[in-house]
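# coords please:
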Amino acid sequence: MTIKPLIILPDPILRQVSTPLGTVDDEARRLAEDMLETMYDAPGIGLAAIQIGVPRRMLVLDVSREGEEKTPLVFINPEIVSSSDTRSVYEEGCLSIPDYYAEVERPAEITVRYIDRDGKEQTLDADGLLATCLQHEIDHLNGVLFIDHISKLKRDMVIRKFTKSAKMRVSKAI
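Coordinates of the predicted model:
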């Protein structure tokens with residue numbers, strides 16, 4: 001397993017729509033293991049493949065609480081097939097937008113169809129933090145960031161901050 005570097009805003013790859021995985025083979029399982037290792041190292045509770053520069057429809061999650069046994073989940077080609085009218089609000093953050101958090105409103109319950117790491121089609125009903133995290137990571141696969149769900153004023157402020165920070169990193173490297 002290898003810890004991969006994270007793609008950070010404003011990198012345009014984060015806006016790329018990921019393509020489906022054709023088959024679940026050893027390479028796909030290795031990618032999932034690298035993603036889990038990267039997510040745990042960050043530390044985070046979710047990671048989409050695009051966040052490590054791989055534009056494939058795969059994400060990993062682990063919403064277990066600190067001190068609990070880890071419960072890693074791998075979702076290949078996930079698709080939200082239904083969502084509730086009831087909404088919930090969670091404070092979200094993102095490994096690709098470090099140290100920025102905002103409240104985001106999303107459907108409280110969803111049903112997701114996906115392929116697991118063994119290549120079997122699965123369906124999962126999710127609510128609470130799991131539902132929020134799944135929606136956040138599936139958004140990544142569609143080129144959408146959680147800041148797209150906040151006001152334009154706040155979003156523009158965050159993008160300006162990260163663009164300026166990226167320019168400073170480049171100028172220091174030169």
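# For this structure, which residues score under the pLDDT cut-off?
For the chain, the stretches with pLDDT under 70 are 171-174.
# show me where it has strands.
Per DSSP state E, the chain carries strands over the ranges 46-48, 58-61, 73-83, 87-94, 97-107, 109-115, 121-127.
# Ok, which of those strands comes nearest P20?
Of all the strands of the chain, it is strand 73-83 that lies closest to P20, at 4.8 Å by CB to CB. C-beta coordinates here come from the backbone N, C-alpha and C atoms, glycine included.
# Pretty sure L129 sits against Y90.
Yes - L129 is in contact with Y90 according to CB atoms under 8 Å; the separation is 6.8 Å.
# thinking again about what came up before, want to throw the strands of the chain into CSV with distance to L9 and mean neighbour count?
Output for these, formatted as CSV (distance: least, CB to CB, whole Å; neighbours: other CB atoms under 10 Å):
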stretch, distance to L9, mean neighbour count
strand 46-48, 14, 28
strand 58-61, 18, 26
strand 73-83, 22, 18
strand 87-94, 8, 16
strand 97-107, 5, 15
strand 109-115, 25, 19
strand 121-127, 26, 14
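# Can you tell me which of the ones you listed is nearest to K154?
The closest approach between K154 and any of the strands of the chain, judged by CB to CB, belongs to strand 97-107 at 6.7 Å.
# for that closest one, packing partners?
strand 87-94, helix 128-141, helix 152-173 (3 or more CB pairs under 8 Å, 6 or more residues apart in numbering; DSSP states H and E).
# Looking at the strands of the chain, spot the one closest to L31.
Nearest of these to L31, taken as CB to CB: strand 58-61 at 6.5 Å.
# what helices or strands is that closest one leaning on?
Other helices and strands packing on strand 58-61, by 3+ CB pairs under 8 Å, 6+ apart, are helix 26-41, strand 46-48, strand 73-83, helix 128-141.
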